[in-house]
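**Student:** compute the structure for the input listed below.
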Amino acid sequence: MATTVNHFDALGYVKKSKELGVSEQVAEYQARQIEKSIEIAVSTVRAEIENKELATKKDIGEVRKEIEIVRKEIEIVRKEIAQASNKTIVWIGGLFMASGLIQHFFK
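**Tutor:** Below is the predicted model:
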């Protein structure tokens, strides 16, 4: 991503101000104040960016690995639930059969 660096042309500002009838002293003062304002704005934005906790490619890669681990663990739990469900069905079926046999023999 190419970025274009723009800057404030203080000399051009002073020249244009003088052409428009502003005294050189006032034009130079204004140019210095504009430069200071720009410096303050840039340093403020830089400080805000530095204070942000931005994710890096490495961070994203680590999160992806953790997600994959969790997915594998979920799959294991699903299989265990399926096995437990099957065992429960077999157990309940056995109880019904035993109940039927008990009722048949103890009538």
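**Student:** tell me the pLDDT of Ser37.
**Tutor:** Ser37 is assigned a predicted lDDT (pLDDT) of 95.
**Student:** rounded mean pLDDT for the longest helix seen in the chain, please.
**Tutor:** Identified as the longest helix of the chain according to DSSP state H is helix 57-105. The predicted model assigns helix 57-105 a mean pLDDT of 90.
**Student:** give me the distance from it to the chain's centre.
**Tutor:** Remark: helix 57-105 is offset 33 Å from the chain centroid, using CA atoms, centre = their mean, to the nearest Å.
**Student:** now for Ala27, how many residues are close by?
**Tutor:** If you count neighbours by other CB atoms under 10 Å, Ala27 ends up with 20. (C-beta placed from N, C-alpha, C; glycine too.)
**Student:** now it: how far from His104?
**Tutor:** Going from Ala27 to His104 by CB to CB, to the nearest Å gives 112 Å.
**Student:** before I go, just wanted to say thanks for your time.
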